[in-house]
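A.B. asks: what shape does this take:
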Amino acid sequence: MERIAALPRPELLQVADAVARDKGIDRDEVLEAMEQAIQKAGRSKYGHEHDIRAHIDRKTGEIQLARYIEVVEEEVENEATQVPLARALKKNPGAKAGDFLVDPLPPIDFGRIAAQTAKQVIVQKVRDAERQRQFNEYKDRVGEISNGLVKRVEFGNVIVDLGRAEALLRRDELIPRETFRTGDRVRAYIADVRQEPRGPQIFLSRTSPIFMSKLFAQEVPEIYDGIIEIKAVARDPGSRAKIAVISHDSSIDPVGACVGMRGSRVQAVVAELQGEKIDIIPWSGEYATFVVNALAPAEVSKVVLDDETHTMEVVVPDDQLSLAIGRRGQNVRLASQLTGWSIDIMTEAEESERRNEEFRSRSKLFIDALDVDDVIAHLLVTEGFTTVEEVAYVPLEDLSGIEGFDEDVAAELQQRARTFLAEQDERYDAMRKDLGVSDEMAALEGLSPAMLVKLGHREIKTLDDLGDLASDELIDIVGKDEMNEDQANAVIMAARAHWFDGE
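C.D. replies: Predicted coordinates:
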């Protein structure tokens with residue numbers, strides 16, 4: 001390689017063929033790299049300002065070196081690479097603007113430095129071509145499981161030889177406490193393939209939930225065939241995992257198929273994942289049923305859903321609390337990841353105490369606000385009334401329909417509730433004025449007098465102050481129960497409206 005020009009020309013092609021075979025890249029790419037190396041050497045000899053081009057004949061291996069000069073109409077920007085049309089016509093009567101005049105140059109006898117430079121160019125170009133080949137080969141394999149050998153370990157990161165490329169298995173993508181030594185066989189999930197300045201990088205993972213799904217697809221033919229579908233996976237890598245499955249064939253039990261005869265299928269996955277315990281759970285479209293299944297092996301007595309906040313209160317027998325929560329909260333955390341719901345767990349005793357406390361506090365609210373005895377207050381709470389606003393503005397028949405109430409009692413309760421709210425708003429309005437909250441803010445739709453007082457206490461007193469808030473800040477001040485994100489955005493945009501009056 002040191003004396004490229006001294007090689008017999010057919011031998012140049014043999015070298016290109018050998019490099020192409022060895023690196024698994026196209027022969028033309030190797031020859032193009034050689035041409036660029038010869039061009040670089042030619043420019044070093046004849047001057048870098050010239051447009052020197054080399055061409056290797058693909059059949060004979062003969063090197064042709066030439067200087068190219070572009071024909072331009074009149075104005076010459078670079079005399080080394082351009083010639084005006086008038087002068088070009090003297091050399092070539094058929095020349096026109098945009099053509100090139102080609103001056104053949106004698107072959108170069110490579111010196112030691114020129115040969116070394118050419119070699120570096122060829123090596124770099126071949127390496128770039130090899131990297132591009134790796135990227136093209138692996139970019140469409142993201143999501144597959146790949147097997148390889150550990151090439152080396154650097155600072156806990158594992159470099160894996162996949163045969164045709166190298167991949168990186170980062171320390172945080174390894175299952176905790178597992179170690180690899182050079183030469184070990186490793187199986188991992190191709191998580192990403194990216195073009196980076198130092199070339200394409202293939203990133204592997206053994207902690208990804210998708211890795212577990214792919215392992216089950218390899219072990220369970222029904223998953224591979226699409227008869228059983230994996231709907232969700234949640235993992236605490238190396239410790240425990242939950243996987244939700246559903247069967248599209250009523251005659252096949254999805255859990256049994258994944259477990260296998262005497263647990264053979266699931267044990268194969270467990271062995272690959274360093275003993276990670278796996279709970280296989282039947283998936284259900286009913287959220288409550290799905291959460292109950294996901295909290296297995298704990299038993300559940302009662303579930304209360306809140307669709308707005310996407311949270312679920314789960315009540316368990318007192319002796320099942322530790323099992324439902326799991327060691328360091330692992331069981332409930334995995335169940336929450338698997339289902340996508342935020343799960344609060346409480347015992348039956350805690351739930352009973354909380355219900356009693358809510359009953360007492362709501363009854364007291366009605367006794368104080370409506371000036372009624374505890375019998376009427378208890379009736380209202382039992383019927384599901386939680387606020388004075390509900391009593392004031394529900395249809396009259398909803399109140400008169402309560403056992404023991406008639407229309408007169410219902411009308412009186414509504415009148416008392418509305419009077420209480422009006423007096424309360426007057427008190428809040430006075431407090432709002434004392435705090436210095438502007439009348440313009442008070443005129444905005446969506447802000448109650450109580451909310452205005454809360455804002456005043458936080459030094460939000462003008463439309464500009466309110467307009468500077470983000471929606472989550474406003475919700476945090478007035479309370480999540482009082483306002484949702486859409487309402488908060490509408491209030492903030494209304495406060496900002498005067499900013500655009502001049503437009």
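A.B. asks: in a strand, residue 235, correct?
C.D. replies: Yes - assessed by DSSP: H, G, I helix; E, B strand; the rest coil, residue 235 belongs to a strand.
A.B. asks: how about it: what's its closest non-neighbour residue?
C.D. replies: residue 241 (4.3 Å; CB to CB, 6 or more residues apart in numbering). Using the backbone N, CA and C atoms, a C-beta is placed for each residue, glycine as well.
A.B. asks: neighbours of that neighbour, just the number please.
C.D. replies: Per other CB atoms under 10 Å, the neighbour tally for residue 241 reads 23.
A.B. asks: for it, which three-state class applies?
C.D. replies: strand.
A.B. asks: quick one: it from residue 272, how far?
C.D. replies: Residue 241 is 12 Å from residue 272, where distance means CB to CB, to the nearest Å.
A.B. asks: ok, now residue 91?
C.D. replies: In terms of CB to CB, residue 91 sits 73 Å off from residue 272.
A.B. asks: what does stretch 259-271 rub up against?
C.D. replies: Residues outside stretch 259-271 that contact it (CB atoms under 8 Å, 6 or more residues apart in numbering): 212, 215-216, 219-220, 257-258, 276-278, 280.
A.B. asks: wait, residue 159 touches residue 151, no?
C.D. replies: Yes - here residue 159 reaches residue 151: they are 4.6 Å apart, a contact under CB atoms under 8 Å.
A.B. asks: overlap in contacts, these two.
C.D. replies: Listed as contacting both residue 159 and residue 151 by CB under 8 Å, 6+ apart are residue 166.
A.B. asks: continuing past the lengthiest helix in the chain, what's the next helix or strand?
C.D. replies: Once the chain is assigned using DSSP state H, the helix that runs over the most residues is helix 407-435. Heading C-terminal from helix 407-435, the first helix or strand you meet, by DSSP states H and E, is helix 439-442.
A.B. asks: and the contacts of the helix or strand following that next one?
C.D. replies: Per DSSP H and E, the first helix or strand lying C-terminal to helix 439-442 is helix 449-457. By CB under 8 Å, 6+ apart, the residues outside helix 449-457 that reach it are 424-425, 428-429, 431-432, 435-437, 441-442, 447, 461, 466, 477-479, 482-483.
A.B. asks: sorry, back to before: what about the longest helix of the chain, average pLDDT?
C.D. replies: Average pLDDT, helix 407-435: 82.
A.B. asks: roughly how far out does it sit from the chain middle?
C.D. replies: Chain-centre distance of helix 407-435: 49 Å, with CA atoms, centre = their mean, to the nearest Å.
A.B. asks: now do the buried residues in it.
C.D. replies: 410, 413-414, 416-417, 420-421, 428, 431-432, 435 (16 or more other CB atoms under 10 Å).
A.B. asks: and the angle for it with helix 449-457?
C.D. replies: Orientation check (axes from the mean of the first three to the mean of the last three CA atoms, to 10 degrees): helix 407-435 against helix 449-457 gives 20 degrees.
A.B. asks: helix 407-435 packs against which elements?
C.D. replies: helix 348-370, helix 388-393, helix 396-400, helix 449-457 (3 or more CB pairs under 8 Å, 6 or more residues apart in numbering; DSSP states H and E).
A.B. asks: which one of the ones you listed lies nearest to residue 381?
C.D. replies: helix 348-370 (4.6 Å; CB to CB).
A.B. asks: can you name every helix or strand that the closest one contacts?
C.D. replies: Partner elements for helix 348-370 (3+ CB pairs under 8 Å, 6+ apart): strand 311-316, helix 374-382, helix 388-393, helix 407-435.
A.B. asks: outline the domain layout of this protein.
C.D. replies: Using automatic domain parsing, the domain parsing of the chain gives 4-134, 142-207, 216-283, 286-386, 436-503.
A.B. asks: ok, back up a step: wait, the residue nearest to residue 235 sits on residue 233?
C.D. replies: Yes - at 6.9 Å, residue 241 and residue 233 qualify as touching, with contact defined as CB under 8 Å.
A.B. asks: mutual contacts of these two, please.
C.D. replies: By CB under 8 Å, 6+ apart, the residues touching both residue 241 and residue 233 are 209, 212.
A.B. asks: that older thread, could the helices and strands packed on helix 407-435 go into CSV alongside distance to residue 145?
C.D. replies: What follows is the helices and strands packed on helix 407-435, written out as CSV (distance: least, CB to CB, whole Å):
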stretch, distance to residue 145
helix 348-370, 45
helix 388-393, 57
helix 396-400, 60
helix 449-457, 55
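A.B. asks: picking that back up, more neighbours: which of residue 91 and residue 272?
C.D. replies: Set residue 91 next to residue 272 and count neighbours by other CB under 10 Å: residue 272 wins out with 18 against 12.
A.B. asks: quick one, what contacts that one?
C.D. replies: Counting by CB under 8 Å, 6+ apart, residue 272 makes contact with 187, 215.
A.B. asks: tell me which helix or strand comes right after the host helix or strand of residue 474.
C.D. replies: Assigned by DSSP H and E, residue 474 belongs to helix 471-478. With elements assigned by DSSP H and E, the helix or strand that comes after helix 471-478 is helix 485-496.
A.B. asks: what does the strand ranked longest in the chain rub up against?
C.D. replies: Ranked by number of residues, the top strand in the chain under DSSP state E is strand 185-196. Strand 185-196 is contacted by residues 135, 138-139, 141-150, 158, 160, 167, 169, 173, 180, 200-206, 208, 210-211, 214, 272 when judged by CB under 8 Å, 6+ apart.
A.B. asks: stretch 402-409 too?
C.D. replies: 379-380, 383, 396, 399-400, 410, 413.
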